[in-house]
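Novice: dropping the sequence and predicted coords here.
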Amino acid sequence: MNPEEIKSFLDQKVEIYNNPNFIETDPIQIPHLFSTKEDIEIAGFLSATIAWGNRKMIIQNSHKMMHLMGNSPFDFVMSHTETQLETLENFVHRTFNGQDFSQFIKSLQHIYKNNGGLENVFSKNITSNSTQSSISAFKKIFFEVSDSQRTQKHISDPMNGSAAKRINMFLRWMVRQDNKGVDFGIWKTIPASALSCPLDVHSGNVARKLNLLIRKQNDAKALQELDNNLRLFDPEDPVKYDFALFGLGVFEGF
């Protein structure tokens with residue numbers, strides 16, 4: 001396929017997968033349980049943080065996280081006690097455990113109490129077509145209240161070569177607004193044009209088959225290559241093609 005044919009093909013797939021039915025099988029269903037901005041942000045951030053491995057287990061454990069916070073994530077973050085943090089001790093999702101969960105709660109409180117919230121922190125250091133330096137700066141602020149080295153591995157740093165798939169997915173959820181009922185579009189200070197595709201094994205493999213990605217590793221350099229090609233198709237909303245790449249890989253075995 002030539003570039004025009006690839007764009008047309010992907011546009012069709014975006015229409016197929018970017019609709020409310022997508023929510024039923026995706027971790028984005030967790031923030032969709034809530035209606036207030038801060039609850040949506042925190043539920044989305046925590047669910048995206050553990051979004052690797054088996055999708056059913058991701059969703060199951062994300063629901064468990066919400067339950068452990070009394071299904072009031074913002075209130076729990078802002079007013080938790082040490083005793084309440086102890087109830088998180090037995091949580092585990094792959095290598096993310098109760099210690100990590102507790103640290104994330106403390107760090108989120110730091111973000112909201114001292115830095116104006118998640119949107120305010122992420123909206124800083126945005127360039128015209130990239131959120132990657134912003135993600136790196138966010139990680140530094142997030143762990144200002146941490147003395148745990150092990151927990152820091154659960155937030156990727158693009159400046160260290162990571163594709164930062166999970167944070168890029170979270171940013172897509174918060175920023176994109178196309179009235180299709182999937183992404184929230186509640187953050188108005190970051191343009192959709194600056195978003196990056198959540199690059200994982202599925203989207204990466206499909207992108208390579210379509211010659212949108214040559215680099216073999218799914219790292220920061222590969223993400224830049226894919227972003228550049230997707231922006232040729234839609235410079236204002238390039239990350240909409242995540243629906244197409246992911247859908248083709250997961251649901252169609254493309």
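Specialist: That came through, no problem. Numbering: from 1, shown residues only.
Novice: CA atoms for contacts and neighbours, from now on please.
Specialist: OK.
Novice: what distance separates the start and the end of stretch 26-44?
Specialist: 12 Å (CA to CA, to the nearest Å).
Novice: what residues does it touch?
Specialist: For stretch 26-44, contacts defined as CA atoms under 8 Å, 6 or more residues apart in numbering pick out 23, 47-48, 51, 55, 58-59, 62-63, 66, 72-74, 118, 170, 173-174, 182, 186.
Novice: what of stretch 229-239?
Specialist: With contacts defined as CA under 8 Å, 6+ apart, stretch 229-239 is touched by Lys7, Arg172, Arg176, Ala192, Ser193, Leu195, Ser196, Cys197, Leu212, Asp227, Tyr241.
Novice: what residue ranges in this protein score low on pLDDT?
Specialist: Applying pLDDT under 70 to the chain flags no residue at all.
Novice: show me where it has strands.
Specialist: 92-93, 96-97 (DSSP state E).
Novice: paired strands for the last one, with orientation please.
Specialist: The sheet places strand 96-97 alongside strand 92-93 (antiparallel), with pairing taken from DSSP bridges.
Novice: out of the contacts of stretch 26-44, which end up buried?
Specialist: The neighbour-count criterion (16 or more other CA atoms under 10 Å) marks 23, 47-48, 51, 58-59, 62-63, 66, 72-74, 118, 170, 173-174, 182, 186 among those as buried.
Novice: can you flag which of those residues belong to helices?
Specialist: Among these, DSSP state H puts 47-48, 58-59, 62-63, 66, 73-74, 118, 170, 173-174 in helices.
Novice: list the buried residues of stretch 7-25.
Specialist: Neighbour-count burial for stretch 7-25 [16+ other CA under 10 Å]: Lys7, Leu10, Asp11, Lys13, Val14, Tyr17, Asn18, Phe22, Ile23.
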